[in-house]
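>>> Below are the sequence and a predicted model; questions follow.
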Amino acid sequence: MALKDVVGHERPIGMLRHALRAGRLSTSYIFAGESGIGKKLAALNFAKLLNCLAGEEDACDECPSCRKINSGVHMDVLVVEPETAEIKVDQVRDANSTLYLKPHEGRMKVVIVDDAEAMNEEAANAFLKTIEEPPPQSMIILVSANPEGLPATVLSRCMRVNFRPLTPAETETVLKRHGTGGEALVRLSMGRPGIALKGDLLEERAGFLAQLKEMQRPGSKSLWKDRDEMAAWFDFCMALMRDVVVHKLTGGTEALINKDIEQEIRQISGKAKAETLIERFDMLKRLRQNLRFNLNKAITWNYAGTILRGALVLGRQ
């Protein structure tokens with residue numbers, strides 16, 4: 001795969017190509033956008049182009065350099081990811097050591113930090129000096145779905161490149177490449193095919209609906225296993241609430257994300273006005289944004305249930 005094969009994102013990729021042709025590449029970038037839309041894929045293929053031994057406008061995907069990046073064994077291209085819930089300072093120190101070495105088999109040292117907002121404070125500070133005084137022939141690409149979670153000192157020193165969710169047609173193209181697809185999955189992906197490819201979204205939604213039913217039971221306890229499951233629950237819930245509002249305002253189903261369960265949408269709509277639902281949606285959104293602070297699962301579960309009561313008729317699936 002090369003940059004030309006990355007589905008969508010013509011504008012950000014075009015910006016990167018133009019900067020390369022003009023000799024105006026930044027030494028540090030933030031690839032910003034929602035999870036699952038292809039930011040990391042674009043970063044890897046940009047690193048391939050920068051180090052390709054044959055291509056000029058794009059990576060050839062066949063030379064030794066391209067093949068090694070594809071296999072994750074290129075000595076000049078390093079991908080840093082959270083080991084558990086965060087990226088730790090030792091990982092950043094290792095990345096800094098890589099950047100300060102001369103390129104071994106390519107033209108440029110490239111470090112890609114996926115889920116960069118997961119860097120703890122010590123790790124982010126360790127990167128800051130390298131970003132401020134980058135070694136020659138080096139580039140740092142921070143990939144983040146929540147760039148505002150990064151320190152302002154890091155944000156201000158990186159060139160931001162914004163990536164947007166894919167269109168339904170583009171999402172379908174990506175899913176078909178991986179042997180899956182269909183209208184229900186495309187709608188539920190909401191332009192984030194990578195989310196759909198990580199697991200069974202339809203099955204996960206069924207689990208969410210079961211949890212939603214349990215939440216109405218007096219004294220119910222949190223069924224979330226970890227922060228990732230909490231985040232997924234909030235995403236499903238906000239999509240559901242959005243659909244309820246759309247149905248109340250239009251009476252139609254064509255614009256629903258969860259169109260394949262339109263009967264359930266009608267059943268849980270309740271008597272709440274659209275204004276009330278929008279207010280509760282905003283409350284859930286703020287709560288979702290605060291998950292990065294490791295909120296207590298039991299307290300969050302109870303608070304989310306309080307927000308939803310009176311807005312949705314829970315448990316009538």
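Structure's in. What do you need?

>>> Please count neighbours and contacts with C-alpha atoms only from this point.
Fine.

>>> Number of residues surrounding residue 21?
12 (other Cα atoms under 10 Å).

>>> Give me the contact list for the stretch of helix or strand it belongs to.
Assigned by DSSP states H and E, residue 21 belongs to helix 10-22. Residues outside helix 10-22 that contact it (Cα atoms under 8 Å, 6 or more residues apart in numbering): 3, 25, 42, 57, 161-163.

>>> buried sites along the helix or strand of the chain with the lowest mean pLDDT?
Within the chain, no helix or strand scores below helix 262-268, which has a mean of 85 by mean pLDDT, DSSP states H and E. Residues of helix 262-268 classed as buried by neighbour count (16 or more other Cα atoms under 10 Å): 262, 264-266, 268.

>>> Any stretches of this protein with poor pLDDT?
314-317 (pLDDT under 70).

>>> any idea how far stretch 186-202 is from the chain center?
On the basis of Cα atoms, centre = their mean, to the nearest Å, stretch 186-202 sits 11 Å off its chain's mean C-alpha point.

>>> Could you do stretch 24-39 as well?
Using Cα atoms, centre = their mean, the offset of stretch 24-39 from its chain centre is 11 Å.

>>> Can you get me the start-to-end distance on it?
21 Å (Cα to Cα, to the nearest Å).

>>> do stretch 280-300 as well
Taking Cα to Cα as the criterion, the two ends of stretch 280-300 lie 15 Å apart.

>>> May I see the buried residues of it?
By 16+ other Cα under 10 Å, the buried positions in stretch 280-300 come out as 280-281, 284, 287-288, 291, 297, 300.

>>> Can you tell me which of those residues is nearest residue 104?
residue 291 (40.6 Å; Cα to Cα).

>>> pretty sure that closest one is touching residue 226, no?
No. Using Cα atoms under 8 Å, residue 291 makes no contact with residue 226, being 10.7 Å away.

>>> could you pull out the helices for the stretch 201-317 of the chain?
Secondary structure of the stretch 201-317 of the chain, counting by DSSP state H, counting those that start in this stretch: helices at 201-215, 227-250, 262-268, 274-289, 297-308.

>>> Most neighbours among the contacts of helix 10-22, please name it.
That'd be residue 3 among those, by other Cα under 10 Å, with 25 neighbours.

>>> Assess the claim that it and residue 45 are in contact.
Yes. Residue 3 is in contact with residue 45 according to Cα under 8 Å; the separation is 5.5 Å.

>>> Give me the common contacts of those two.
residue 59.

>>> now the strands: where do they sit in the chain?
28-32, 77-80, 109-113, 138-144, 159-162 (DSSP state E).

>>> Now the residue nearest to residue 298 when sequence neighbours are not counted. Its backbone dihedrals?
With sequence-adjacent residues excluded and distances taken as Cα to Cα, 6 or more residues apart in numbering, residue 298 is closest to residue 222, at 5.4 Å. Residue 222 adopts backbone torsions of phi -60, psi 130, taken as degrees, to the nearest 10.

>>> Contact partners for residue 222?
Residue 222 touches 297-298, 301-302, counting by Cα under 8 Å, 6+ apart.

>>> can you redo these as JSON lines with distance to residue 176?
Listed next are the contacts of residue 222 as JSON lines, based on distance: Cα to Cα, whole Å:
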{"residue": "297", "distance to residue 176": "36"}
{"residue": "298", "distance to residue 176": "39"}
{"residue": "301", "distance to residue 176": "36"}
{"residue": "302", "distance to residue 176": "39"}
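
>>> nearest to residue 50, of those?
residue 297 (43.9 Å).

>>> Looks like the closest one contacts residue 229 (just checking).
No. Residue 297 lies out of contact with residue 229 (Cα under 8 Å); the separation is 10.5 Å.

>>> and the closest residue to residue 195 other than its chain neighbours, how many neighbours?
Spatially, and ignoring its direct neighbours in sequence, residue 195 is nearest to residue 36 (5.0 Å; Cα to Cα, 6+ apart). Residues lying near residue 36 (other Cα under 10 Å) number 21.

>>> What separation is there between residue 36 and residue 144?
11 Å.

>>> how about stretch 231-251: buried residues?
Applying 16+ other Cα under 10 Å to stretch 231-251 flags 231-248 as buried.

>>> err, stretch 163-171, not the other one
163-166, 168, 170-171.

>>> Can you name the two of the residues you listed that sit furthest apart?
163 and 168 (15.5 Å).

>>> picking that back up, kindly present the strands of the chain as CSV, with separate columns for distance to residue 15.
Output for the strands of the chain, formatted as CSV (distance: least, Cα to Cα, whole Å):
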stretch, distance to residue 15
strand 28-32, 12
strand 77-80, 21
strand 109-113, 18
strand 138-144, 15
strand 159-162, 8
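
>>> what about the residue nearest to residue 6 when sequence neighbours are not counted, distance to residue 36?
In this structure, residue 6 finds its nearest non-sequential neighbour in residue 42, 6.7 Å apart by Cα to Cα, 6+ apart. Using Cα to Cα, residue 42 is found at 12 Å from residue 36.
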